[in-house]
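Asker: Next comes the sequence, and after it the predicted model I'd like to discuss.
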Amino acid sequence: MLGVISMALPSFSLSQLGWRPFFSRQLTLDEPETIVPGRVIGVHRSLLNVLTSADEIAATLPASIAQSLSESIAVGDWVALDLSTSRVRRVLERQSVIARLAAGERTQRQLIAANVDTLFIVTSCNDDFNLSRLERYFALAVEAQVEPVVVLTKADLNPTVDAYVDALRDTAPNVIVAPVNALSIESVGALRPWLASGQTVAFVGSSGVGKSTLVNTLLGHQQQSTAGIREDDSKGRHTTTHRQMLALQSGAWVIDMPGMRELKLDVGAESVGEVFNDIETLAMRCKFRDCAHQGDEGCAVLAAIEVGELDERRLASYRKLLRETANATRSIKERRERDRQFGKMAKSVMKQKRIDRGRG
Ligand SMILES: Nc1nc2c(ncn2[C@@H]2O[C@H](COP(=O)(O)OP(=O)(O)OP(=O)(O)O)[C@@H](O)[C@H]2O)c(=O)[nH]1
Ligand SMILES: [Mg+2]
Ligand SMILES: [Zn+2]
């Protein structure tokens, strides 16, 4: 898999790579001179492609990380890299991380992408479009603390685009929707606000919705392979097989991803509650505090469904995602606990003070 790494990339300054004070605070003064920060732009079986401000380096991992690669490191991560050995010393704390549970019985957390500013949730104006799946992606974005934007592709193929846009606005009034023809440079210009220098965007969505097509159009050349979808059910062929971070002319970074067959959420109930805050607001008016919204007396949620204010589908989707929160891994619970105890600001201030003391 080494073939993909040696495209001659121009060199980038750290800030062009997405470096921020949040990360620089994590490097200490007693670090050996050979340690530099680098950003992971590709993850392979036993090697990482890491971009430093000077070079692209094929880096190896300490044994502790190599054992559980997909749990420990992701495309977009910042690492402290030892130039004398080309080995990663440690992964820096992340500003955001997109994760899911691995398919199968074990509730193992799998990192998808790190330090992402915007999540482009890609779906098409065809059979792929599914509000309940989109709600699942919104919960993923909330948990990851990343802004979601729905990119509605194949707008050129469907005269009823507005119906899709309206359905989304009804469901998620606060989420921005951008209908595009992914093959047209002019059309994808609508995504420019999220593609400024140093910004990182990840593309998620089913196979065949046009993630790689979008990436190619934004890059201005056909770098990522794309393939047609099946006529009968609009499903794709899983053309993209690994995650990779690429630089756009604008200075933004895009992470193309393989289409997801199944997205098992690794999110807490608070994140689901945020996506369905209309239901949670209604529930405060239910007669009973512990109302299950299943025929209970004085249920404001069911009353809203009755008068057509709330979709039954949405309540079912809310319930389903809430049930799944029971699977959330311990790491989430621990992280939430930590956030509660310190509060983000306080934490970074303390860290800065420690560094300042080291300097003084
Ligand atoms: N007309 C039109 N075709 C599109 C659009 N977006 C994608 N396509 C086509 O849809 C097919 C699938 O696109 P891909 O970019 O390979 O899809 P993907 O999301 O990367 O799929 P995976 O890599 O399998 O996850 C290709 O034939 C594209 O040319 C669009 O907006 N308009
Ligand atoms: Mg693809
Ligand atoms: Zn109720």
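Answerer: Received, thanks. Residues are numbered from 1 along each chain as shown. Ligands and ions are numbered 1, 2, ... in the order given.
Asker: where does the chain have low pLDDT?
Answerer: Counting by pLDDT under 70, the chain has low-confidence residues at 1-10, 105-106, 330-360.
Asker: distance between the strand ranked longest in it and the chain's centre?
Answerer: Assignment by DSSP state E gives strand 35-43 as the longest strand of the chain. Here strand 35-43 is found 19 Å from its chain centre; the criterion is Cα atoms, centre = their mean, to the nearest Å.
Asker: for that strand, packing partners?
Answerer: strand 48-51, strand 56-59, strand 78-82, strand 244-247 (3 or more Cβ pairs under 8 Å, 6 or more residues apart in numbering; DSSP states H and E). (C-beta placed from N, C-alpha, C; glycine too.)
Asker: Leaving out the residues flanking it, which one is nearest to Q26?
Answerer: The shortest distance from Q26 to any non-neighbouring residue, by Cβ to Cβ, 6 or more residues apart in numbering, is to L92 (4.9 Å).
Asker: let me redo that: E280
Answerer: G273 (5.1 Å).
Asker: That neighbour contacts M284, correct?
Answerer: No: assessed by Cβ atoms under 8 Å, G273 is found out of contact with M284, at 11.7 Å.
Asker: Which of these two has more residues huddled nearby?
Answerer: G273 (18 against 9; other Cβ atoms under 10 Å).
Asker: My impression was that the more buried one belongs to a helix - is that right?
Answerer: Yes: according to DSSP: H, G, I helix; E, B strand; the rest coil, G273 belongs to a helix.
Asker: Please identify the helix or strand for the spatially closest residue to A80 that is not a sequence neighbour.
Answerer: Once its chain neighbours are removed from consideration, A80 has its nearest residue in R89; the separation is 4.4 Å (Cβ to Cβ, 6+ apart). Under the assignment given by DSSP states H and E, the secondary-structure element containing R89 is strand 87-91.
Asker: Which strands or helices does the helix or strand just after that strand pack on?
Answerer: Towards the C-terminus, the helix or strand next in line after strand 87-91, according to DSSP H and E, is strand 97-101. When contacts are defined as 3+ Cβ pairs under 8 Å, 6+ apart, strand 97-101 sits against strand 109-114, helix 131-144.
Asker: How far off centre is strand 97-101?
Answerer: Using Cα atoms, centre = their mean, the mean C-alpha position of strand 97-101 is found 8 Å from that of the whole chain.
Asker: S271: neighbour count?
Answerer: By the criterion of other Cβ under 10 Å, S271 has 23 neighbours.
Asker: And for C125?
Answerer: 22.
Asker: That one contacts V165, doesn't it?
Answerer: No: under the criterion of Cβ under 8 Å, C125 is not in contact with V165, lying 9.2 Å apart.
Asker: CA-only coordinates of stretch 114-130, as PDB, when you get a sec.
Answerer: Once non-C-alpha atoms are left out, stretch 114-130 reads as follows in PDB (Å, rounded to 0.1, in the frame of the first residue of the first chain):
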ATOM      1  CA  ALA A 114      -9.900  13.100  14.000                       C
ATOM      2  CA  ASN A 115      -9.700  16.800  14.300                       C
ATOM      3  CA  VAL A 116     -12.500  17.400  11.700                       C
ATOM      4  CA  ASP A 117     -14.200  20.800  11.600                       C
ATOM      5  CA  THR A 118     -17.100  19.900   9.400                       C
ATOM      6  CA  LEU A 119     -18.900  16.600   8.600                       C
ATOM      7  CA  PHE A 120     -20.300  16.500   5.100                       C
ATOM      8  CA  ILE A 121     -23.100  14.000   5.300                       C
ATOM      9  CA  VAL A 122     -23.600  13.000   1.700                       C
ATOM     10  CA  THR A 123     -26.900  11.600   0.400                       C
ATOM     11  CA  SER A 124     -28.600  11.600  -3.000                       C
ATOM     12  CA  CYS A 125     -32.000  12.600  -4.400                       C
ATOM     13  CA  ASN A 126     -32.900   9.000  -4.900                       C
ATOM     14  CA  ASP A 127     -33.600   5.800  -2.900                       C
ATOM     15  CA  ASP A 128     -30.600   6.500  -0.700                       C
ATOM     16  CA  PHE A 129     -32.400   9.400   0.900                       C
ATOM     17  CA  ASN A 130     -33.600   8.300   4.400                       C
END
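Asker: any residue of that stretch up close to ligand 2?
Answerer: No: using Cβ under 5 Å from the ion, no contact is recorded between stretch 114-130 and ligand 2, whose separation bottoms out at 9.8 Å.
Asker: ok now do V201, which residues does it touch?
Answerer: By Cβ atoms under 8 Å, 6 or more residues apart in numbering, the contact set of V201 is V116, D117, T118, L119, F120, W194, L195, A252, W253, V254, I255.
Asker: which one of these is nearest ligand 3?
Answerer: Nearest to ligand 3 out of the contacts of V201 is L119 (Cβ to the ion; 31.2 Å).
Asker: Tell me which helix or strand that closest one sits in.
Answerer: Here L119, judged by DSSP H and E, is contained in strand 118-124.
Asker: Can you tell me the strand partners of that strand and which way each runs?
Answerer: Listed by DSSP bridges, the sheet partners of strand 118-124 and their directions read strand 147-153 (parallel), strand 200-204 (parallel).
Asker: L168: what's its closest spatial neighbour, skipping adjacent residues?
Answerer: Computed as Cβ to Cβ, 6+ apart, the closest residue to L168 that is not its neighbour in sequence is V177, at 5.0 Å.
Asker: what do you get for R285?
Answerer: For R285, the nearest residue in space outside its immediate sequence neighbours is A300; the separation is 3.8 Å by Cβ to Cβ, 6+ apart.
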